[in-house]
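>>> sequence below, structure please.
(chains A and B)
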Amino acid sequence: MSTPVTGSAATPDRGRRGVLNWLLGTWSAGVMGAIVFPIVRYLVPPDVPEATTHSVKAGAAASLLPNTARIVPFGSTPAIVVRTPTGELRAFEGTCTHLSCTVQYRPDLEHIWCACHNGHYDLNGRNIAGPPPRPLETFDANVQGDEIVISRRA
Amino acid sequence: MRRSWFSERLPLAEVEAAIQHKTVPQHRHSIWYYLGGMTLFFFLVQVVTGILLLLYYRPSAAEAYDSVQFIMTRVPFGWLVRSIHSWSANLVVGAAFIHLFSVLFLKAYRKPRELTWISGVLLLFILLAFGFTGYLLPWNELAFFATRVGTDIAGAVPWIGEATVRFLRGGPEVTGATLTRFYGVHVAVLPAITTLLLGLHLVLVQYHGMSVPPSVEARAAREGRPVRVMPFAPHFALRDLFGWTVALAMLAGLSAYLPWELGTRADPFAPAPAGIQPEWYFLWTFQALKYMPAHVLGIDGELVAIGLMSVGALALIFLPLLDRNTDRSRRIVTLAAIAAIIVMVSLTVLALAGGGGH
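Below is the predicted model of the structure:
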């Protein structure tokens, strides 16, 4: 520096400069902490409490023909309601256990299929072919009046 | 070794030498040299907090208000981020105004710094546009009506007035389309223009160095000595940094003790409430419009006001070319600036006091 403020770098100044540097460092660390901490907390999205869905109405029973299915919202995730070729009602979570795509019903194969990575599930929700690691969660499907009601098993 | 790898590929030594050799003149007006840096600091705070707000804000008439409320009440430190953004928005305009007038009074716009001045004035106008567009984004009642009034003024311009209003609003009225439009301008168009202008401004400041006021120059010449200087690194830089820390503490304090209110949700079909006001830096124009008679010499009053302000804005931009840099012309500039400050301050005070009726 062309104009030193604390005289020469002689020994007595060493200690003083050390203290000043320490103060400067602590101050900078404090300021940085006071900036970074709120920002990090801000970036973490707050939990939006969502009522856990236990059961939803899944539309008219009569309009769901054998060997077809429909996707209905179950809370914030999809569920799939299947009328089997023999006329039974079945309901499963609609999210593939592999990488979270939404599954669909394949009338030609007569089972549930995920288009993303060719995952197959049978009509009990079991993963029978392809990459899915687990079966689909099974929901209860009942008919109340004319309406299908699906609910999570306790 | 790392260092040498980089210095073989980057002009590190040159940059370091430039920083080591950079000096700042030291005299009794030196304090004003910190104002540009202070404006830059508040602007950077706006960039950071603005990006943070983008993570939760939703730019639609249906969701904007609720999303800001969500930020203020649910997001950790969201109230702090939003309040800092609002406070800093005001302080950046304030700092820019003080910076402009200090540069003007110290005559730092003289040759060869004309382009620095022009880019600076344009940056101030951009800041005002940031303020005007950002004001609407929370979609509250106050902002809604202030925007209706503000955009309506453009309608007084002959021939292109109506088209301009439609262009500004994205339709004939202030609606969700206006909100989306203002949002796009606020977060994309203005930042892009600012990046270019600010880059130019800062490069020019580095290239020319700090201007020494004529009075200081004359005095040094009389006494036959060079103007005293201070090394930029670390002397000036540390002082700058200290000022920035104080500014940050001030922002945090203001936000904690005087958090920015959200107001009530905008309802396009509710009557305008009393006391609709723009941001303080537009108050003097707002007040001037109130005092403007409906017709001046047969010309529409609003049009006269717009004309006068346009002339003023142009004079401000081209001030370095108007001032012929004689003692007399410099004195005229100083007196004109003082007159302008008195007019602006009195009109603002009158507006705050409710003069001219609400």
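>>> name the residues that touch whichever helix or strand B:Phe145 is part of?
Counting by DSSP states H and E, the element that carries B:Phe145 is helix B:141-153. Contact partners of helix B:141-153, identified using C-beta atoms under 8 Å, 6 or more residues apart in numbering or on different chains, comprise B:132, B:135-137, B:165, B:168-169, B:173-174, B:178, B:182, B:263-268, B:270, B:272-273, B:276-279, B:282, B:286, B:289, B:302, B:306. C-beta here means a position set from N, CA and C on the backbone, and glycine is covered the same way.
>>> need the three-state assignment for the residue positioned nearest the centre of chain A.
In chain A, the centroid-proximal residue (C-alpha atoms, centre = their mean) is A:Ser100; its distance is 8.5 Å. Judged by DSSP: H, G, I helix; E, B strand; the rest coil, the three-state class of A:Ser100 is coil.
>>> and it, what pLDDT?
The model reports A:Ser100 with a pLDDT of 92.
>>> same question, B:Leu241
On pLDDT, B:Leu241 comes in at 91.
>>> got the CA coordinates for stretch A:139-154 in PDB?
Provided in PDB are the C-alpha atoms of stretch A:139-154 (Å, rounded to 0.1, in the frame of the first residue of the first chain):
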ATOM      1  CA  PHE A 139     -58.000 -48.800  -1.800                       C
ATOM      2  CA  ASP A 140     -61.500 -50.000  -0.900                       C
ATOM      3  CA  ALA A 141     -64.100 -49.500  -3.600                       C
ATOM      4  CA  ASN A 142     -67.700 -49.500  -2.600                       C
ATOM      5  CA  VAL A 143     -70.900 -48.400  -4.200                       C
ATOM      6  CA  GLN A 144     -73.200 -46.100  -2.200                       C
ATOM      7  CA  GLY A 145     -76.400 -45.400  -4.000                       C
ATOM      8  CA  ASP A 146     -75.300 -45.000  -7.600                       C
ATOM      9  CA  GLU A 147     -71.900 -43.600  -6.700                       C
ATOM     10  CA  ILE A 148     -68.500 -45.300  -6.300                       C
ATOM     11  CA  VAL A 149     -66.700 -44.300  -3.100                       C
ATOM     12  CA  ILE A 150     -63.100 -45.200  -2.700                       C
ATOM     13  CA  SER A 151     -61.300 -45.100   0.700                       C
ATOM     14  CA  ARG A 152     -57.900 -45.700   2.100                       C
ATOM     15  CA  ARG A 153     -57.700 -48.900   4.200                       C
ATOM     16  CA  ALA A 154     -57.200 -48.300   7.900                       C
END
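>>> restrict the contacts of helix B:141-153 to those that also contact chain A, please.
The subset of those within reach of chain A, by C-beta under 8 Å from any C-beta of the partner chain, is empty.
>>> okay, now the unreliable bits of the chain?
No chain specified, so I'll use chain A. Within chain A, the stretches with pLDDT under 70 are A:1-12.
>>> hm, I was asking about chain B
By pLDDT under 70, the weakly predicted segments of chain B are B:1-3, B:355-358.
>>> what does it have sitting close to chain A?
Contacts of chain B with chain A, taken as C-beta under 8 Å from any C-beta, map to B:48, B:52, B:55, B:74-78, B:80-81, B:230-231, B:234-235, B:245, B:248, B:252.
>>> one more time with 10 Å, if that's ok
Those residues of chain B that sit near chain A, judged by C-beta under 10 Å from any C-beta of the partner chain, are B:20-21, B:23, B:45, B:48-49, B:52-53, B:55-56, B:70-71, B:73-78, B:80-81, B:84, B:228-231, B:233-235, B:238, B:241-242, B:244-245, B:248-249, B:252.
>>> now which of the residues you listed would you call buried?
Among the residues of chain B next to chain A, those that count as buried by neighbour count (16 or more other C-beta atoms under 10 Å in any protein chain shown) are B:23, B:45, B:49, B:52-53, B:56, B:70-71, B:75, B:77-78, B:80-81, B:84, B:229, B:231, B:235, B:241, B:244-245, B:248, B:252.
>>> narrow these to those in helices?
Of those, the ones assigned to helices by DSSP state H are B:45, B:49, B:52-53, B:70-71, B:78, B:80-81, B:84, B:241, B:244-245, B:248, B:252.
>>> can I see the domain layout of chain A?
Domains of chain A are assigned by automatic domain parsing as A:8-46, A:55-151.
>>> between those, which one is closest to B:Leu352.
Among these, the nearest to B:Leu352 by C-beta to C-beta is domain A:8-46 (32.8 Å).
>>> hmm, that closest one in reach of chain B?
Yes - Domain A:8-46 reaches chain B (C-beta under 10 Å from any C-beta) through A:24, A:27-28, A:30-31, A:34-35, A:37-46.
>>> coming back round to it: now, which of the contacts of helix B:141-153 lie within helices?
Among the contacts of helix B:141-153, the members found in helices (DSSP H) are B:132, B:135-136, B:165, B:168-169, B:178, B:182, B:282, B:286, B:289, B:302, B:306.
>>> farthest-separated two in those residues?
By the measure C-beta to C-beta, B:Phe182 and B:Glu302 form the most distant pair in the ones in helices among the contacts of helix B:141-153, at 22.1 Å.
>>> ok, the two, which is more surrounded?
Ranked by neighbour count (other C-beta atoms under 10 Å in any protein chain shown), B:Phe182 and B:Glu302 place B:Phe182 first, with 25 against 19.
>>> quick one: residues contacting the nearest residue to that one once chain neighbours are set aside.
Among residues not flanking B:Phe182 along the chain, B:Thr133 sits closest, at 4.2 Å (C-beta to C-beta, 6 or more residues apart in numbering or on different chains). For B:Thr133, the contact set (C-beta atoms under 10 Å, 6 or more residues apart in numbering or on different chains) comprises B:147, B:168, B:178-179, B:181-187, B:189-190.
>>> list only buried entries from those residues.
By 16+ other C-beta under 10 Å, these give B:147, B:168, B:178-179, B:181-183, B:185-187, B:190 as buried.
>>> between those, which sits nearest chain A?
Taking C-beta to the nearest C-beta as the measure, chain A sits nearest to B:Val187 out of the buried ones among the contacts of B:Thr133, at 17.7 Å.
>>> that closest one reaches B:Thr180, doesn't it?
No - using C-beta atoms under 10 Å as the test, B:Val187 is too far from B:Thr180 to be in contact (11.1 Å).
>>> tell me, what's touching the two both at once?
B:Pro59.
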